[in-house]
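Peer 1: Here's my sequence, what's the structure:
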Amino acid sequence: MLNLLMNAIEAMGEAGEGPRELVVRSSPDGSQCVLVAVQDSGPGLDPQNLNRLFEAFYTTKPHGLGMGLAISRSIVEAHGGRLWATANVPQGAVFQFTLPLGSERMA
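Peer 2: From the prediction side, this is the model:
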């Protein structure tokens, strides 16, 4: 969650004029999971590289390592969830993940 928030804040720092909005929301997704979305009004995602965002060592930042999203996805998947990204309309990005609901405690 922290990585997604920091990425959104950094992306909005690169945005030109206009409002900067960061929205975090959660809701049940109807399949025994909770859906969490982090939405920003930054410059958005390149549709040609959308599939590469979660690859290790792939980065869109000048000084990035390309590990944050790969690690975030592996953590979410290790807990039975899924992490993906889409464009935010009219501008920005939305990173969403699901995690299963339940009473079991994670170790």
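Peer 1: Count the neighbours of the nearest residue to residue 96 once chain neighbours are set aside for me.
Peer 2: Taking C-beta to C-beta, 6 or more residues apart in numbering, and ignoring the residues beside it in sequence, residue 96 has residue 37 as its nearest neighbour in space, at 4.5 Å. All C-beta spots, glycine's among them, are computed from the backbone N, C-alpha and C. Summarising burial for residue 37: neighbours were counted as other C-beta atoms under 10 Å, giving 16.
Peer 1: mind checking pLDDT for residue 37?
Peer 2: In this model, residue 37 is scored at 98, pLDDT.
Peer 1: residues contacting it?
Peer 2: Neighbouring residues of residue 37 by C-beta atoms under 8 Å, 6 or more residues apart in numbering: 23, 24, 25, 26, 94, 95, 96.
Peer 1: What residues are bridge-paired with it?
Peer 2: In this entry, residue 37 is beta-bridged to residue 25, residue 96, by DSSP bridges.
Peer 1: Of the contacts of residue 37, just the buried ones, ChimeraX syntax please.
Peer 2: The command below creates a ChimeraX selection of those among these that count as buried (16 or more other C-beta atoms under 10 Å):
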select :94,95,96
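Peer 1: what about the residue nearest to residue 96, distance to residue 88?
Peer 2: In this structure, residue 37 lies at 10 Å from residue 88, with C-beta to C-beta, to the nearest Å as the measure.
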